[in-house]
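Enquirer: Kindly generate the corresponding structure for this input.
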Amino acid sequence: MLEPITGAEFETVGAGTDLTVVDFWADWCGPCKMQTPALEALDEDYDGKIKFASLDVDQNKELAEKLQIMSIPALVIFKHGKPAEKVVGFHPQAALKKYLDQKLAEVTAD
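Expert: Numbering: from 1, shown residues only. Take a look at the predicted model:
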């Protein structure tokens, strides 16, 4: 299970890790429900290398607006504790793994 966070915890979500992925989702979102198992599997695959968390946009509307989350599911990628990229829409696990491998290589090279 992905670590659920709130808006208050969001400010420190990427602290102490090179790469963090925050999943923006809602309970009513079908594609979000399809995306969750892939993210949970990736969380296990990248244990200790990438931190994963989830944030319910219905419970944290102000934060979603601040980050301009207009569609969900959306992933915000943090590099060294700062939001760096956004990935919007459903993506299969293999595609996310390829993308995250690339991002992990980038932060390791920094």
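Enquirer: Which parts of this structure are strands?
Expert: Assigned by DSSP state E, the strands in the chain fall at 3-4, 19-25, 51-56, 74-79, 82-88.
Enquirer: quick one: contacts for the nearest residue to Trp25 once chain neighbours are set aside?
Expert: Among residues not flanking Trp25 along the chain, Cys32 sits closest, at 3.8 Å (C-beta to C-beta, 6 or more residues apart in numbering). Just so you know, the C-beta spots here come from the backbone N, C-alpha and C atoms, and that holds for glycine as well. Applying C-beta atoms under 8 Å, 6 or more residues apart in numbering to Cys32 gives the contacts Asp23, Trp25, Ala26, Ile72, Pro73.
Enquirer: still on that earlier bit, ranking the strands of the chain by burial, who's on top?
Expert: strand 19-25 (a mean of 24; mean count of other C-beta atoms under 10 Å).
Enquirer: rewinding a little: and of the strands of the chain, who's closest to Leu42?
Expert: strand 51-56 (7.0 Å; C-beta to C-beta).
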